[in-house]
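*Asks:* Here is a sequence together with a model predicted from it:
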Amino acid sequence: ISSISDFFQLMKPRVMSLVIFTALIGYFCGVFSTETILNPYLSMIGILAIALGAGSSGVLNQWYDREVDSMMERTKNRPIPKGKIEPSDALAFGLIGSILSIVILGLCINWLAGFLLFFTIIFYAVFYTIFLKRYSYQNIVIGGASGAFPPVIGYVCSTGSFGVEALILFGIIFLWTPPHFWALALKTKLEYKLVNIPMLPNVKGDKSTKWHIFLYTLILVIFSTLPYFFDFNSIFYLAFSLSLGFKFIFEAYNLLKIKNYDERKVFNFSIIYLFLIFSLILIDKILVRLI
């Protein structure tokens, strides 16, 4: 019998936590840019709706990938391969959650945010999962757009419109995704080969993948300075973002140049980097207001 915990695990809670975090940063960036006072209860509902949409798209992804997941060491213990949840139940749960999240966001916040959430779910659950993941070694690059939308949706929730800052937040996550996942793909390339998923290490080799990681990291670090140059953040943000960026570049360079360098060091630091960069964006805004 499936438990509530099984369904919660099916929604990829770690990914959901990242979605909630980046959506919140986007939301508060919108608040600071417009200086409007919003209803805290409706705002909380909006963030939870974004999390529900992200989790539901993860459910649909696992429903479609259930056979692949059962063959990979990294994913074989997910609820569907373990037999804890029937595929038909997962499909129904994912569809209902997706529809509810879009409707709730549209009705409680605004329909532009609802449309963006709808587009994100379709992009990840259909375009990425069914097509990109299986037919292109650039799957992570293009598919990364789905993970980059939450801060944009959060920004639209608080402003009702797009903004340059929202696009910068999108770009940071979009450029972060390839080095983050390719570092993991280097570690799990044999598993991807077994299930015929064309990840970059399997198609182009380790050396090419490491070069890609290094170059994307360089571009990411440069791009991450834009909040300062567009006057969204202060010199405090620039200094700390560059410090983090140099550390990320150092790890990527070591991966490129040092034989048998542990890919997990790049993977683990990439998570720290994204969390701290987004935290700095908000902390800097608060400090500037206080000073």
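*Replies:* All right, it came through fine. Model, not experiment: these values are computed from the prediction.
*Asks:* number of nearby residues for residue 205?
*Replies:* Neighbour count of residue 205, defined by other C-beta atoms under 10 Å: 12. In short, each C-beta sits where N, CA and C put it, glycine included.
*Asks:* how close does it get to residue 196?
*Replies:* Look at residue 205 and residue 196: by C-beta to C-beta, to the nearest Å, they are 17 Å apart.
*Asks:* cool, and residue 55?
*Replies:* 27 Å.
*Asks:* Neighbour count: the two, which is higher?
*Replies:* More crowded of residue 55 and residue 196, by other C-beta under 10 Å: residue 55, with 24 against 9.
*Asks:* Leaving aside the residues adjacent along the chain, what's closest to the more buried one?
*Replies:* Once flanking residues are discounted, residue 55 sits nearest to residue 11: 3.2 Å by C-beta to C-beta, 6 or more residues apart in numbering.
*Asks:* Same check on residue 124?
*Replies:* residue 146 (3.7 Å).
*Asks:* Okay, and that neighbour sits in which element?
*Replies:* Under the criterion of DSSP states H and E, residue 146 resides in helix 139-148.
*Asks:* mind checking how far that helix is from the chain centre?
*Replies:* 8 Å (C-alpha atoms, centre = their mean, to the nearest Å).
*Asks:* For residue 103, list the residues it contacts.
*Replies:* The neighbourhood of residue 103, defined by C-beta atoms under 8 Å, 6 or more residues apart in numbering, consists of residue 114.
*Asks:* quick one: buried residues of the lengthiest helix in the chain?
*Replies:* The longest helix of the chain (DSSP state H) is helix 263-290. Neighbour counts over helix 263-290 (16 or more other C-beta atoms under 10 Å) mark 263, 266-267, 269-270, 273-274, 276-278, 280-282, 284-285 as buried.
*Asks:* got it, and stretch 58-69?
*Replies:* 58, 59, 60, 61, 62, 63, 64, 65, 66, 68, 69.
*Asks:* Give me the pLDDT value at the fifth one.
*Replies:* Residue-level confidence at residue 62 comes out at 96, pLDDT.
*Asks:* Ok, the second one next?
*Replies:* Reported pLDDT at residue 59 in the predicted model: 97.
*Asks:* Would you agree it is in contact with residue 93?
*Replies:* Yes. Assessed by C-beta atoms under 8 Å, residue 59 is found in contact with residue 93 at 5.7 Å.
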